[in-house]
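*Asks:* my questions concern the predicted model and sequence given below.
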Amino acid sequence: MVLQDIMDQYDIEEHFDYAFSMYCNFLEREGKWNLCENNVSKNNFRCRMRKVHKGDIDKTKEYKKFELWIEKRKVQEQKDAERRAIKLSSVCEEKDKEELLKRAFRIRQLEEEVQSLKDQLKNEYKLRMELMEKYDSDSD
């Protein structure tokens, strides 16, 4: 389910605005527009990219870079999700093993307690029988 969500999230055809905004943020962080004095260059770039996406203009070199970046991000997100799933699985397995060991230890304790209670009952029964024999023999 998570992997399919990632595939859907990075689907350029269905979610172009989301993917393109991520790409623009990436370019901003990388300093692509540091030398631009105003937003005209950014706006022209965004307008051209949207036109390419709509099919009004043939794919440009920059649009191909965008597609490649989105594909790399998708693969990276999938790998991260798989790593998290593996880690969670191993953590859960470890917790399950610990819980099983705790339960086995508790069962062993309870079995020992039951055995000691049985022994105690046997001893009390023997003592009663001895007392009954003693007092029954006295009454004769």
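*Replies:* Ah, there it is. Numbers count the residues shown, from 1 in each chain.

*Asks:* what packs against the helix or strand harbouring Lys79?
*Replies:* Lys79 is part of helix 61-139 when elements are defined by DSSP states H and E. Packing contacts for helix 61-139, counted by 3 or more CB pairs under 8 Å, 6 or more residues apart in numbering; DSSP states H and E, involve helix 2-9, helix 16-30, helix 40-54. Placement of C-beta: from N, CA and C, glycine included.

*Asks:* out of those helices, the one nearest Leu88 is which?
*Replies:* Comparing those by their distance to Leu88 (CB to CB), the top pick is helix 2-9, with 11.1 Å.

*Asks:* helix, strand or coil for Asn38?
*Replies:* Classification of Asn38 using DSSP: H, G, I helix; E, B strand; the rest coil returns coil.

*Asks:* that one: neighbour count?
*Replies:* By the measure other CB atoms under 10 Å, the count of residues near Asn38 is 8.

*Asks:* any regions of this protein where pLDDT drops low?
*Replies:* Along the chain, segments meeting pLDDT under 70 span 1-3, 137-140.

*Asks:* try 80
*Replies:* When residues are selected by pLDDT under 80, those of the chain lie in 1-12, 33, 35-39, 136-140.

*Asks:* I'd like the helices and strands packed on helix 61-139 as a markdown table, with mean neighbour count appended.
*Replies:* Formatted as a markdown table, the helices and strands packed on helix 61-139 follow (neighbours: other CB atoms under 10 Å):
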| stretch | mean neighbour count |
| --- | --- |
| helix 2-9 | 12 |
| helix 16-30 | 14 |
| helix 40-54 | 14 |
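
*Asks:* that'll do, ta.
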